[in-house]
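Asks: Provide a 3D model corresponding to the input given below.
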Amino acid sequence: MSYVNELGVRAKKAESSIANASAKLKNDALNAIAEALVKNSAQIIAQNAIDIENAISNDMSVSMQDRLLLNESRIKAISDAVVQITKLDDPIGSIIGGGIRPNGLKIQKTRVPLGVIAIIYESRPNVTVDAATLCLKAGNVVILRGGKEAFYSNKCLVEIMREAVSSTGLSPDIVQLVQDTSREVSNELMKCSQYIDVLIPRGGAGLIRACKENASVPVIETGTGNCHVFVDESADLEMAVNIVDNGKTSRPSVCNAVESLLVHKNCAEKFLPMIRDRFDKKKVEIRGCNETLKILSGRENVSSASEEDYATEFLDYVISAKVVGSVDEAVAHINKYSTKHSEAIVTNCLVNAEKFQREVDAAAVYVNASTRFTDGGEFGLGAEIGISTQKLHARGPMGLNELTTIKYLVNGNGQIR
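Replies: Now for the predicted structure:
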């Protein structure tokens, strides 16, 4: 039996342990995980230091190193997030629809776990805990396949979580880590439909594409965010500067960061120097169209944009820019290059705001607010496993409800058809 199949067999054996667990037992396991993470902070940081050292040796970018780094404050924040999950309503068994038919059949539409979820993700070890604990709360088993960049961190975190889960009487195999990070094993995981019910990739465009092309397990796409802000001619320009700056520089390595700036031609000459001044503080590179280059002539960190730049999720202090003639042109550009994650308009025109929200095809469409709010916690979901950029079966931040499926409970008293 192959390594992946062994993981799958153990996952299926553990499935009933968590699927039928009470809300109290699941919360006990989550609290045990939260306590264990803080208690073992020194061990986690020591293993993370190995990953950081390897990242530096491999010339990983500073922004990507930031995604990888764990310290006491970040571990405490991860632990606190686990505790917050215990405060969320347990979705399993909730009745979300139904009724009594004319023939007397009583039909209840209820939430049940998805089953065994495999998650393939890249160099963010916090995802290891987020994914495992959300899946646990929703009654699912999870098989985690993190990137090799975070291997030592992920291995340590999973060992701690498995021990904590076991201490409450649940099977430790409800949380498993794929410790072989080779591409061959990853591809095998994508095809393990005998044991895995859903595959969720979290990462860059290459990872998402590989899963879509190779998986025979159902895939929920998450993560890739080529997000735009369009500054309309009626915009409050100071507000626009704050929104674009926050979207680009508050944390450039995440999927809801702004990657492209569109500016209406009637305010471009005033706005572009304003945002360039703000970007100078953090040395953000602007790759712009000819009109952008003309307006910002002589300024540092300004270069010509290629067609590829407009389609790129930079995850760094780089942003593409284009001057457009109308809201229609902005919408057309966004719908051409967007990854359907999060898009924003800054405007004081209600007609343009409504048109933008109606016609832009994305999971979250903002008016006068930063795209950085696309997050389960910020949306009031408590937590998320990722941002789905597709339309089935979930879209946008995926909270607990999105980690469940439907079961119809039908009760009768002898009805036949």
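Asks: tell me the contacts of the residue nearest to residue 353 when sequence neighbours are not counted?
Replies: Once flanking residues are discounted, residue 353 sits nearest to residue 367: 4.5 Å by C-beta to C-beta, 6 or more residues apart in numbering. From N, CA and C alone the C-beta is placed, and that goes for glycine too. Listed by C-beta atoms under 8 Å, 6 or more residues apart in numbering, the contact set of residue 367 reads 344-347, 353, 356-357.
Asks: out of the residues you listed, what pair is the most spread apart?
Replies: 346 and 357 (12.9 Å; C-beta to C-beta).
Asks: who has more neighbours out of the two?
Replies: residue 346 (28 against 15; other C-beta atoms under 10 Å).
Asks: tell me the pLDDT at that one?
Replies: Confidence at residue 346, expressed as pLDDT, is 98.
Asks: what's opposite it in the beta bridge?
Replies: Beta-bridge pairing of residue 346 under DSSP bridges involves residue 231.
Asks: which stretches in the stretch 101-250 of the chain count as helices?
Replies: Remark: helices assigned in the stretch 101-250 of the chain by DSSP state H, counting those that start in this stretch are 125-137, 151-167, 183-190, 205-214, 237-249.
Asks: on that earlier part again, so what does the residue nearest to residue 353 look like in phi/psi?
Replies: In terms of degrees, to the nearest 10, the main-chain angles of residue 367 are phi -120, psi 120.
Asks: for the most centrally placed residue in the chain, phi and psi?
Replies: Nearest to the geometric centre of the chain sits residue 386, at 2.7 Å (C-alpha atoms, centre = their mean). Note on residue 386: backbone dihedrals following degrees, to the nearest 10 are phi 160, psi 170.
Asks: now it, nearest residue through space, not along the chain?
Replies: If the residues on either side of it in the chain are set aside, residue 386 comes closest to residue 222, at 3.2 Å by C-beta to C-beta, 6+ apart.
Asks: quick one: contacts for that neighbour?
Replies: Contacts of residue 222 (C-beta under 8 Å, 6+ apart): 200-202, 208, 385-389, 398.
Asks: just the buried subset of the residues you listed, please.
Replies: For these, a burial check counting by 16 or more other C-beta atoms under 10 Å picks out 200-202, 208, 385-389, 398.
Asks: any chance of those in CSV, plus distance to residue 162 and pLDDT?
Replies: Supplementary listing: those in CSV, determined by distance: C-beta to C-beta, whole Å; pLDDT from 0 to 100:
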residue, distance to residue 162, pLDDT
200, 20, 95
201, 23, 92
202, 21, 87
208, 28, 87
385, 19, 89
386, 22, 89
387, 27, 93
388, 28, 94
389, 31, 92
398, 24, 94
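Asks: tell me where the model's unsure across this structure.
Replies: Along the chain, no part satisfies pLDDT under 70.
Asks: can I see the domain layout of it?
Replies: The record assigns the chain these domain ranges, following automatic domain parsing: 3-222+385-411, 227-373.
Asks: can you confirm residue 415 is in a helix?
Replies: No - applying DSSP: H, G, I helix; E, B strand; the rest coil, one finds residue 415 to be coil, outside a helix.
Asks: for it, what are its contacts?
Replies: By C-beta under 8 Å, 6+ apart, the neighbours of residue 415 are 103-105.
Asks: any idea how far it is from residue 103?
Replies: Residue 415 is 5 Å from residue 103, where distance means C-beta to C-beta, to the nearest Å.
Asks: with residue 327 instead?
Replies: 53 Å.
Asks: so these two - more neighbours on which side?
Replies: A count of neighbours by other C-beta under 10 Å puts residue 327 above the other of residue 327 and residue 103, at 23 against 10.
Asks: would you confirm that that one contacts residue 356?
Replies: Yes - the pair residue 327 / residue 356 is scored as a contact, 6.2 Å apart, by C-beta atoms under 8 Å.
Asks: shared neighbours of the two, which are they?
Replies: Contacts common to residue 327 and residue 356, judged by C-beta under 8 Å, 6+ apart, are 230, 345.
Asks: what separation is there between residue 113 and residue 139?
Replies: When distance is defined by C-beta to C-beta, residue 113 is 4 Å away from residue 139.
Asks: what about the two, which has more around it?
Replies: When residue 113 and residue 139 are compared for neighbours, residue 139 comes out ahead with 27 against 23, by other C-beta under 10 Å.
Asks: which ones are touching residue 26?
Replies: Applying C-beta under 8 Å, 6+ apart to residue 26 gives the contacts 18, 90, 136-137, 139.
Asks: now the residues you listed as CSV including distance to residue 36?
Replies: Output for the contacts of residue 26, formatted as CSV (distance: C-beta to C-beta, whole Å):
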residue, distance to residue 36
18, 18
90, 22
136, 14
137, 16
139, 21
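Asks: which one among those residues gets closest to residue 162?
Replies: residue 136 (11.3 Å).
Asks: quick one: contacts for the closest one?
Replies: So residue 136 contacts 18, 26, 29-30, 142, 165, 174-175 (C-beta under 8 Å, 6+ apart).
Asks: please repeat the previous calculation with a cut-off of 7 Å.
Replies: Counting by C-beta atoms under 7 Å, 6 or more residues apart in numbering, residue 136 touches 18, 26, 29-30, 174.
Asks: quick check: the residue nearest to the centre of the chain vs residue 244, distance?
Replies: 25 Å.
Asks: no more questions from me, cheers.
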